[in-house]
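Trainee: can't give you the sequence, but here's the structure:
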């Protein structure tokens with residue numbers, strides 16, 4: 001059926017040092033009694049000083065180190081354990097006077113959040129930090145004997161490190177999993193980012209100043225920017241980790257097989273996207289439109305496992321997180337820790353219902369929080385998901401704002417799962433290329449998809465991918481009852497907007513799109529024919545497949561808000 005709404009949518013809508021003059025020349029000083037004499041440095045003197053400094057650094061072995069190189073500098077040679085993390089000393093110096101974990105937990109369970117966390121002190125080393133940054137106090141306040149109880153996991157992301165974190169947390173140990181915090185009240189940060197900074201500074205233990213934890217269950221983290229990537233200290237900084245921590249217990253979490261790990265990565269778009277665009281030893285960095293093959297990931301997994309085994313030898317415990325007897329295995333191999341097998345499979349956090357959220361084109365997560373005073377909205381009159389099949393520059397942002405304002409989880413250009421962010425169109429295109437069903441799999445769980453296309457602006461040839469043009473049949477196959485939402489406007493206004501919006505016009509010209517082949521679209525007439533033709537094609541599609549409700553609006557209608565309220569409730 002088609003629900004057509006009348007024409008016209010209202011748019012919702014370097015400082016200078018205070019101690020020097022910027023015009024002054026470099027000066028040297030020499031003391032004469034109580035007087036200081038300034039003299040201008042000659043250019044040849046400046047050159048000599050710079051040359052001397054460079055030569056001094058070179059002679060002492062300093063060299064630039066790329067984050068893609070994992071060799072330790074000369075001043076990182078700590079085989080004697082001088083820079084080894086002294087967990088016992090950290091605990092001995094910690095202040096436990098105000099530590100009231102049971103009170104904290106009871107407050108948290110009653111709904112108290114940030115204010116209570118800030119008002120309560122929990123000593124470093126007496127709380128764990130989960131992947132989402134949540135700090136969880138330990139129930140066991142007894143100071144355990146910590147000799148040789150520092151554990152560092154060298155497993156890759158996607159190898160079950162969260163299970164390892166839950167196991168030791170259940171046993172009463174302070175655990176970090178991807179996120180760290182130096183103090184209870186401090187904002188959490190990526191452990192790997194802290195390690196990377198320590199490595200670049202080339203001083204002290206690279207795990208130092210990243211929080212006091214007995215168990216580092218996962219060192220790596222995903223960087224979510226315009227393109228996702230990741231940093232894995234267990235790959236990049238493997239040698240410093242080994243040399244600086246001679247008394248640590250190293251473990252390697254693995255899956256049942258390299259193939260199982262590779263397929264699990266490929267089924268998690270955020271993880272797959274990050275691995276494909278990371279630059280690490282054993283893994284080729286690809287462009288934004290390319291992804292690692294299954295064999296690429298298998299080779300990387302096997303290369304890392306062999307390297308870790310070769311470097312750590314007897315100091316390494318390998319944990320297959322898919323093994324049916326893994327609980328008994330870890331209890332036996334970590335007998336000195338006193339953690340029972342029944343702790344395996346536990347979590348650092350209590351099971352909580354998934355919080356719905358919206359995500360804007362800028363990648364900003366906005367949670368949808370409901371309570372007695374702000375109850376969740378009623379079910380939409382029309383079936384979900386609501387999928388925008390209009391073009392960019394037809395008020396898709398306003399569509400996003402409308403539904404998000406009503407309390408419905410919505411995405412606009414950017415998508416996300418539980419964490420991170422990526423472009424919806426990239427995820428959809430990858431699912432189509434890999435033959436995954438449905439085509440929105442692992443792209444998020446939204447009521448409304450306000451813009452599903454993606455501009456490939458980082459590719460050598462900038463193009464645009466329009467699933468609402470090329471893959472309507474797949475949308476119908478996977479979401480046969482979805483509501484189609486078509487926003488349109490005066491063709492000339494749309495053309496003007498496209499031509500004035502960054503390089504969007506170039507993307508259309510470069511792309512090989514149905515009804516708009518590559519090289520076509522330079523003239524206004526060609527763009528007008530493409531725009532008008534697409535709108536008619538959507539109308540015909542809805543007539544051919546009446547299971548879809550089609551809501552069609554002209555964004556210039558002054559009564560659009562009331563019309564949308566009538567259509568969706």
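Mentor: All right, it came through fine. No experiment lies behind these values; they were computed from the predicted model shown. Residues are numbered from 1 along each chain as shown.
Trainee: pLDDT value on residue 21, please?
Mentor: Listed pLDDT for residue 21 reads 36.
Trainee: equivalent analysis for residue 357, please.
Mentor: pLDDT at residue 357 comes out at 90.
Trainee: cool, and residue 490?
Mentor: pLDDT, residue 490: 96.
Trainee: same deal with the one 4 residues further on?
Mentor: Reading off the confidence values, residue 494 has pLDDT 97.
Trainee: ok so it is a helix residue?
Mentor: Yes - under DSSP: H, G, I helix; E, B strand; the rest coil, residue 494 falls within a helix.
Trainee: quick check: it touching residue 394?
Mentor: Yes - between residue 494 and residue 394 there is a contact at 6.5 Å, judged by C-beta atoms under 8 Å. Backbone N, C-alpha and C define where each C-beta goes, glycine included.
Trainee: which of the two has more residues huddled nearby?
Mentor: Ranked by neighbour count (other C-beta atoms under 10 Å), residue 494 and residue 394 place residue 394 first, with 24 against 21.
Trainee: so which strand or helix has the closest residue to the more buried one other than its chain neighbours?
Mentor: Distances taken as C-beta to C-beta, 6 or more residues apart in numbering place residue 487 nearest to residue 394, at 4.2 Å, with adjacent residues excluded. Residue 487 is part of strand 483-488 when elements are defined by DSSP states H and E.
Trainee: assumed residue 247 was part of a strand.
Mentor: No - with three-state DSSP as the criterion, residue 247 is located in coil rather than a strand.
Trainee: that one against residue 205, yeah?
Mentor: No - with contact defined as C-beta under 8 Å, residue 247 does not count as touching residue 205 (11.7 Å).
Trainee: which non-adjacent residue is nearest residue 170?
Mentor: Nearest one to residue 170, counting by C-beta to C-beta, 6+ apart, is residue 343 at 3.5 Å.
Trainee: about what we covered before: for the residue nearest to residue 394, what are its contacts?
Mentor: 9, 388, 390, 394, 395, 396, 399, 553, 555 (C-beta atoms under 8 Å, 6 or more residues apart in numbering).
Trainee: looking at these, which one is closest to residue 427?
Mentor: residue 388 (15.6 Å; C-beta to C-beta).
Trainee: stretch 247-257: which residues count as buried?
Mentor: When burial is assessed from 16 or more other C-beta atoms under 10 Å, stretch 247-257 yields the following buried residues: 248, 249, 250, 251, 252, 253, 254, 255.
Trainee: next one: the fifth one from residue 374, what distance?
Mentor: So that's residue 252. Look at residue 252 and residue 374: by C-beta to C-beta, to the nearest Å, they are 47 Å apart.
Trainee: again, but for the last one
Mentor: Residue 255 sits 43 Å away from residue 374, going by C-beta to C-beta.
Trainee: and what of the second one?
Mentor: Taking C-beta to C-beta as the measure, residue 249 and residue 374 are separated by 48 Å.
Trainee: which residues touch the residue nearest to residue 126 when sequence neighbours are not counted?
Mentor: In space, residue 126 comes closest to residue 138 once its chain neighbours are excluded; the distance is 5.4 Å by C-beta to C-beta, 6+ apart. By C-beta under 8 Å, 6+ apart, residue 138 lies in contact with 101, 126, 127, 128, 172, 173, 174.
Trainee: the residues you listed in strands, which ones?
Mentor: Residues from those lying in strands, with DSSP state E as the criterion: 127, 128.
Trainee: among the contacts of residue 138, who's most crowded?
Mentor: For the contacts of residue 138, neighbours tallied by other C-beta under 10 Å; top is residue 128, 29 neighbours.
Trainee: thinking again about what came up before, the residue nearest to residue 170: neighbour count?
Mentor: For residue 343, using other C-beta under 10 Å, the count is 17.
Trainee: how about the contacts made by it?
Mentor: By C-beta under 8 Å, 6+ apart, the contact set of residue 343 is 166, 167, 168, 170, 171, 327.
Trainee: over to residue 158?
Mentor: Counting by C-beta under 8 Å, 6+ apart, residue 158 has contacts 255, 261, 264, 265, 268, 271.
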